[in-house]
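In: give me coordinates for this.
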Amino acid sequence: MKSVLRALLASLIAVAACTACTGDGSGGGSGRGLEDPAKKDIAMRIVSSAENSSLDWKAQYKYIEDIGDGRGYTAGIIGFCSGTGDMLAVVERYAKARPGNALERFLPALRAVEGSDSHEGLGKPFTRAWQRAATSDAAFRTAQDAERDETYLLPAVRRAEQDGLGALGQLIYFDAYVMHGADASESSTGFRALREKALAGAEPPAEGGDEEDYLNAFLDARVAAIREEPSHSDTSRVETAQRVFVRERNFDLEPPLNWRVYGESYRIGASAAPPAG
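Out: A predicted model of the protein is given here:
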């Protein structure tokens, strides 16, 4: 009998320890974080509503155009740019996975235009090759996924977890990484600067602060940053989207979710399935 009780007690201790160490992967709240495929898909649909005016983020692998923001071509599932270097990183990943692919010949031009809005050496041959690769080759779509995760999503999730934030906070950090860039120390609008401004006004949950207060402080910093950038004056991705979820205290980012971006209404239902594809 004692051995059975000891075994039961050991099992309960192990379960408790596992829960304490890993929780649900969210950092804050009680739900799962963005490393959970369902929550990651929700986050991507919300980001896509702002980046592409569509919830079907998987249709954006082939997207490419110059939107006139000074960053050259914007393309793919989170808006990789020829002027900022992440588009180059995607094509380099693709070249390693699929040597001799049709985009590989544009690598010298992509390296040359980094830091500018130039199309030199790219143009229609490049945009057509991008669209064909996205449509026909899973390896290219995987390269986009990997660059998104390594450069934007996972760093945002890790930082949010350290700050004690749940899935909503992880989404908010991820969207800031996508729009403003990561940790450039010279930038007044990069993620690092935004977080420092938020910390000056509120404590994160990891330090005993209220999650709603802290996220609102971070979003206040984002709104100010958006207004500093001439090409990004519309703040609806914050004010009528992410701020709505914060006000509802939906820190686990649980559907149903209703929001507006650029005047358009979007909804993810409680039982909505991810887009096919």
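
In: all helices of the stretch 151-277 of the chain, in order?
Out: All helices of the stretch 151-277 of the chain, identified by DSSP state H, counting those that start in this stretch, fall at 154-162, 167-180, 191-201, 211-228, 236-237, 243-247.

In: which other helices and strands contact the first one?
Out: Read it as helix 154-162. Helices and strands touching helix 154-162, by 3 or more Cβ pairs under 8 Å, 6 or more residues apart in numbering; DSSP states H and E, are helix 167-180. Using the backbone N, CA and C atoms, a C-beta is placed for each residue, glycine as well.

In: might one say that residue 146 is in contact with residue 94?
Out: No: look at residue 146 against residue 94 with Cβ atoms under 8 Å: they stay out of range, at 9.6 Å.

In: pull out the buried positions in stretch 209-216.
Out: By neighbour count, with 16 or more other Cβ atoms under 10 Å as the criterion, the buried positions of stretch 209-216 are 209, 211-216.

In: now do that stretch, average pLDDT.
Out: Per-residue pLDDT over stretch 209-216 has a mean of 98.

In: one step back: any chance of the buried residues of stretch 209-216 in JSON lines, with distance to residue 260 too?
Out: Converted to JSON lines, these look like this (distance: Cβ to Cβ, whole Å):
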{"residue": "209", "distance to residue 260": "28"}
{"residue": "211", "distance to residue 260": "23"}
{"residue": "212", "distance to residue 260": "20"}
{"residue": "213", "distance to residue 260": "24"}
{"residue": "214", "distance to residue 260": "24"}
{"residue": "215", "distance to residue 260": "18"}
{"residue": "216", "distance to residue 260": "18"}
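
In: OK, contacts around residue 109?
Out: 120-122, 126 (Cβ atoms under 8 Å, 6 or more residues apart in numbering).
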